[in-house]
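Asks: Sequence first, then the predicted structure, then my questions.
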Amino acid sequence: MSLSGFDVADIDGWGVPAPSSGDVVTNAIKKDKVIKEIVAAQEDLRALLAKTKGVQTDVDKLVSGNETLQMYIDNLTMQMAKRRGSDQYTLLLCIYTWVSFLPS
């Protein structure tokens, strides 16, 4: 069929070419490679999440230990203040204030 000098057989140049069997295989290989990369990335993320949870557990233990030590320091300070009198209590209070500003 011919339309004003154009043949229908020539229209194929304007459309998307049909993929050859080599393109299908190449695309399947590329797709498989991308899927493997995604799975590997997911496994890496799972490992990082597990490590993060472990570190958070360690941090929680350290925070609890710091709170226990702070209570111990508070109790010792109170006991020493009762035994020594007000002048030494002032000194201990200064030390306690200094210790409380230390990073935990």
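Replies: Cool, got the structure. Residues are numbered from 1 along each chain as shown.

Asks: show me the biggest helix of this protein in terms of residues.
Replies: For the chain, the helix with the greatest residue count under DSSP state H is helix 21-84.

Asks: So which other helices or strands are in contact with that helix?
Replies: In terms of contacts (3 or more Cβ pairs under 8 Å, 6 or more residues apart in numbering; DSSP states H and E), helix 21-84 is packed against helix 86-100. Backbone N, C-alpha and C define where each C-beta goes, glycine included.

Asks: Give me the mean pLDDT for the helix it packs on.
Replies: Confidence for helix 86-100, expressed as mean pLDDT, is 67.

Asks: Low-confidence ranges, the chain, go.
Replies: Applying pLDDT under 70 to the chain flags the ranges 1-22, 84-92, 98-104.

Asks: rerun that using 80 as the cut-off
Replies: By pLDDT under 80, the weakly predicted segments of the chain are 1-22, 79-104.
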